[in-house]
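Student: got a sequence here, can you model it:
(chains A and B)
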Amino acid sequence: MRAAAPGSIRRRLLLQLLGGAAVLSVLLYLSVRGVSRSAVEQTQDSILGAATIAVAEQLRGTDEGVDIDIPYTAFSMLGAVGQDRVFYRIIVDGADLTGYADLPAPDDAPPGLNPLFYSRPYQQALVRLAAVNRPVIAGGHTAQVQVIVGQTRSAQEAIVADMAWRAAALGLGFFALAALLAVLTTRSVVRPLDRLAGALGRRGPQDLRPVTQPVPVELAPLTAALNGFIARLSGALKRTETFIAEAAHHIRTPLATLRARAEIALRQTQDEATRASLREVIRAVDDSARAAGQLLEHAAVVYRSDQRAEAPLDLAALLRDIGQSYAPAADMADVALAVSVPDSAVMLTADRLLVETALRNLVDNAIKYSGPDGRVEMGLGVAQGRATIRIADRGRGLSGASLADLTGRFRRGRNVEDVVGSGLGLTIVQEVARAQRGRFTLRERDGGGSCAELTLPLD
Amino acid sequence: MVPKNRAFCEKAEKVRFLLVEDNAELAQTVQARLTLDGHGVDWAASLDAAEDHLATAAYDLILLDIMLPDGDGRDFLAAHRRARRDTPVIVMTARSAVSDRVALLDTGADDYITKPFDFAELEARVRAVLRRRGGAAQTVQTFADLIFDPLAATVAVDGEARELRNRELRLLEVLMSAPERIYSKTQLCDRLFSAAESVSDNAIEVYVARLRRKLDGSRARIETVRGVGYRLTVA
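Tutor: Next up, the predicted model:
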């Protein structure tokens, strides 16, 4: 099967309708012209025939031969049609009685009083002729008299030409009307498609509700198929979500039990070697839980980078919110967490989850690597159409590692072996910066520690 | 020497938890672990059981698991909030993604903690939630001329309030829970640091020195018991 030609339904429908209308218009023109021509011809022929018969009926047989009193009223019947010239010829037994002797005779003998019509060129014009035969008794025998009446057809041609113009005008008018209807029809046929496409196009990437747009019955199978597809897709997404949630639940719950048991054991033992190995167990649990979490987070960031749910976002409020939610963690690590953001909103269009994930990773790192009595500063500045979020600590710094070294997947600094981490945090931040058309930098601070900056374009 | 206020020697419950968790092993372990810190914990293995507990007793805080045999913890949370019950809720979730966090807080959770959790972190979060809610879970404690307000994180000496940082606060809390009792450096370390932190027992000396400065001018003092540990006593 040949694949259907792509292209515009609107254009194809319009072209087909216009093409059909054009063909119909031409046919209309031709048939009106043909019918009118033959009607005019038949009318003229019957007048011509009647005139010829009228002439033939004036034939009288006498003893000397055949006599005729030409009935000029019969010719006036013809003359009424216009400025045409009229010719006649009467032949008695092959000899001309009167009229134009060179008027062409018919090829065949006419069947009695039924006129035989034919056309011949005569005196620089095409002449329409009618001939009848009538036997006349004259001088004791029956003479065969042939009456031929001819007439030029300029008036008839004028009528036919006039009719043709009218037919053409009719055809054009018909075409214009059909074209208008074609445009209206196309528009009304395509409108539901346009509306459906528009409604689908306005949807956000996360919108998996079924299509409820009213559509014509012909489109119903399409929307039904579309809704089936959407349902399968959201079902698959939901199953994946449920699977991830259940997997996380079933892996992390025993890990939580293990960690709590180890903490209780740590409380109850004094032996230094045992305590050291219990701490190792706890660190290992934290490491694996964190790695699992960060892997999922990384996958989510990569997925969302293609499917950003962009919405207006107030960075100042987001930073305050993150500062508040990290307060207990900072407090626990005896790290002072200072948030200084403008009082007014700093608005940009971004995917909140992406930006928040990046910032949480940066704050988490800053607190983790600060050490007791450290100070983490979260700041927000706006300049030249860009917002810069700065998260600075006085921790152990980068020990010379470059940003590229640290943002690789599963890459960690050389000076962090004693701290739980997965090596994915900065990779995630870098991915988010790229997805949001921003920039991520990380540098050593004068006087120790490191400073991370995430710059995002404002609207 | 007998302290004026004996209340804190009798293992008073500091925070009364309702733990809603279907995994028996985890629940029992969490219960055991929180009891070690002097908290009271009731365990409900299902949402129905949790409703029964809430109908018969008052709790300072609910620790809520999400996946339970008879329903979703989030629905319970939503119903809890609709019924205008204001017991704070900390959700224990197995998922750490930001989207889950945002959804949980939108549902009305006061905070959340990701499994597996650090009990020092849980305690810090519980304290932050109770402080934010102005909950009356922990009353002000007194010893000698000290007035200790754990929720406000202050200690007043002679009516002059002094702010305590997290570890100073926890150290004072431990020492005040049993005045005159001698705590070893190891015991104090376990209470002050996350179990995942690798700290030497001597790190405690720094915090003892700081707390002593905060208690300057008080009759109460932290006494070093050479070779054993520390205790809170009255001069």
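Student: helices of chain B, start to end?
Tutor: For chain B, helices defined by DSSP state H occupy the ranges B:24-36, B:47-56, B:73-82, B:98-107, B:119-133, B:166-177, B:185-192, B:203-214.
Student: those: lowest mean pLDDT?
Tutor: Note on those: lowest mean pLDDT is at helix B:98-107, with a mean of 78.
Student: check what pLDDT residue A:80 gets.
Tutor: 57.
Student: of the helices of chain B, which is nearest residue A:44?
Tutor: Residue A:44 lies closest, by Cβ to Cβ, to one member of the helices of chain B: helix B:98-107, at 91.6 Å. Yep, even glycine has a C-beta here, placed from its N, CA and C like the rest.
Student: okay, the angle between the closest one and helix B:73-82?
Tutor: Orientation of helix B:98-107 against helix B:73-82 (axes from the mean of the first three to the mean of the last three Cα atoms, to 10 degrees) gives an angle of 30 degrees.
Student: near chain A, anything from helix B:98-107?
Tutor: Yes: on the criterion Cβ under 8 Å from any Cβ of the partner chain, helix B:98-107 is in touch with chain A at B:98-99, B:101-102.
Student: which of those lies closest to residue B:180?
Tutor: Once Cβ to Cβ is applied, the member of the residues of helix B:98-107 next to chain A that ends up nearest residue B:180 is residue B:101, at 43.6 Å.
Student: contact partners for the closest one?
Tutor: A:325, B:112 (Cβ atoms under 8 Å, 6 or more residues apart in numbering or on different chains).
Student: how many residues are close by the nearest residue to residue B:131 once chain neighbours are set aside?
Tutor: Among residues not flanking residue B:131 along the chain, residue B:151 sits closest, at 4.8 Å (Cβ to Cβ, 6 or more residues apart in numbering or on different chains). Residues lying near residue B:151 (other Cβ atoms under 10 Å in any protein chain shown) number 19.
Student: next, residue B:151: phi, psi?
Tutor: Dihedral pair for residue B:151: phi -70, psi -40, per degrees, to the nearest 10.
Student: tell me the pLDDT at it?
Tutor: 78.
Student: what's the answer for the one 5 residues further on, then?
Tutor: For residue B:156, the model assigns a pLDDT of 91.
Student: so it touches residue B:143, yeah?
Tutor: No: in this structure, residue B:156 is not within contact of residue B:143 by Cβ atoms under 8 Å, at 11.5 Å.
Student: more neighbours: these two, which one.
Tutor: residue B:143 (22 against 17).
Student: if we can go back for a sec, hmm, the residue nearest to residue B:131 is touching residue B:129, no?
Tutor: No: counting by Cβ under 8 Å, residue B:129 is not a contact partner of residue B:151; they are 10.4 Å apart.
Student: now what about stretch A:37-47, what contacts it?
Tutor: A:77-78, A:81, A:115, A:117, A:128, A:130, A:151, A:153, A:156, A:159-160, A:163-164.
Student: hmm, try it at 6 Å
Tutor: Identification of contacts with stretch A:37-47 by Cβ atoms under 6 Å, 6 or more residues apart in numbering or on different chains yields A:117, A:156, A:159-160.
Student: and if you look at stretch A:72-80?
Tutor: Outside stretch A:72-80, the residues that reach it (Cβ under 6 Å, 6+ apart) are A:51, A:54-55, A:86, A:151.
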